[in-house]
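Enquirer: Below are the sequence and a predicted model; questions follow.
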Amino acid sequence: MVVPSALGLADNTLIEFVTIYNTAQMERKRLIDANVPPSNPLVQELDGQIEKLRLNIRESLRNLQNVGRESLAQNKRRGAIGEAQLGAMPEKVKELMEIKRISGIIPGLDKLFTEKRKILLYQELPLFPTQISLTRPDRQLHL
């Protein structure tokens, strides 16, 4: 029985086993078709090689299956983490909206405080100064 080559897999070891297995099977068939009896040492040697290769192929397939299962389990774990993060998104969106709201308030508060500071400065200045002195290095003026 010949196994389809490659099987669409990327495992080089398995591909090599399948290629050698197929070659051994075809060689055995050629010998049997040439009326070489199955009891012939050459046919029996090929039967032994074919059986070993069949076991190697099965072991490689088991290994690939285990790798596939582990990969699937890992992807499920990642999916669960993603689902948990997605569940936390509404809370994160609320936090982001609060940050945006606060950052929108800050410029308004800055403007308000600037206006209040100006008002306070004007309140401290006398409306009608009784004396303004201008100082120059060469003289002092009083009004």
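Expert: Ah, there it is.
Enquirer: so what does the longest helix seen in the chain touch, helix or strand wise?
Expert: In terms of residue count, the longest helix belonging to the chain (DSSP state H) is helix 41-124. Secondary-structure packing of helix 41-124 (3 or more C-beta pairs under 8 Å, 6 or more residues apart in numbering; DSSP states H and E): helix 12-33. The C-beta positions use only the backbone N, C-alpha and C, and glycine is treated the same way.
Enquirer: what's the angle between the helix it packs on and helix 41-124?
Expert: Angle of helix 12-33 versus helix 41-124, following axes from the mean of the first three to the mean of the last three C-alpha atoms, to 10 degrees, is 160 degrees.
Enquirer: Tell me which residue is most central in the chain.
Expert: Geometric centre of the chain, nearest residue: Arg78, 9.4 Å, by C-alpha atoms, centre = their mean.
Enquirer: where does this structure dip in pLDDT?
Expert: For the chain, the stretches flagged by pLDDT under 70 are 1-10, 122-143.
Enquirer: Provide a list of residues in contact with the residue nearest to the centre of the chain.
Expert: The contact partners of Arg78, taken as C-beta atoms under 8 Å, 6 or more residues apart in numbering, number zero.
Enquirer: And it, how close does it get to Arg69?
Expert: Using C-beta to C-beta, to the nearest Å, Arg78 is found at 15 Å from Arg69.
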